[in-house]
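S.K.: no FASTA, just this:
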């Protein structure tokens, strides 16, 4: 099961250079309109197909986010179903992160 991460905790991880992969699972147009620095674009429909290329170690800490948390929760569930053990989903998504 994945865990929720608050925008405050995520900002702390970013500021402290915590080691994790930040996945933006929105579409390319949304990405181009703005995204969290250091994130990697991987639309949620590609996660199951492409994550192994980006993150082969299933113990790597991964944080998913989308606009509000719906698509990223699906991506986070997919990751945990695939055996990834350290998965987090940004509570409230990119909208909350900006607010």
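M.R.: Structure's in. What do you need? Only a predicted model underlies this, so the values are computations on that prediction, with no experimental measurement involved.
S.K.: Could I get the full set of helices for the chain?
M.R.: 7-15, 28-33, 47-54, 70-81, 93-98 (DSSP state H).
S.K.: For the first one, which residues meet the burial criterion?
M.R.: For helix 7-15, a neighbour-count test (16 or more other Cβ atoms under 10 Å) marks 7, 10, 13-14 as buried. For every residue, glycine as well, the C-beta is placed using N, CA and C.
S.K.: just the fourth one next, same as before
M.R.: Judged by neighbour count (16+ other Cβ under 10 Å), helix 70-81 contains these buried residues: 71-80.
S.K.: So which of the residues you listed is the closest to residue 52?
M.R.: residue 79 (10.7 Å; Cβ to Cβ).
S.K.: Read off the pLDDT value for that closest one.
M.R.: At residue 79, the model reports a pLDDT of 98.
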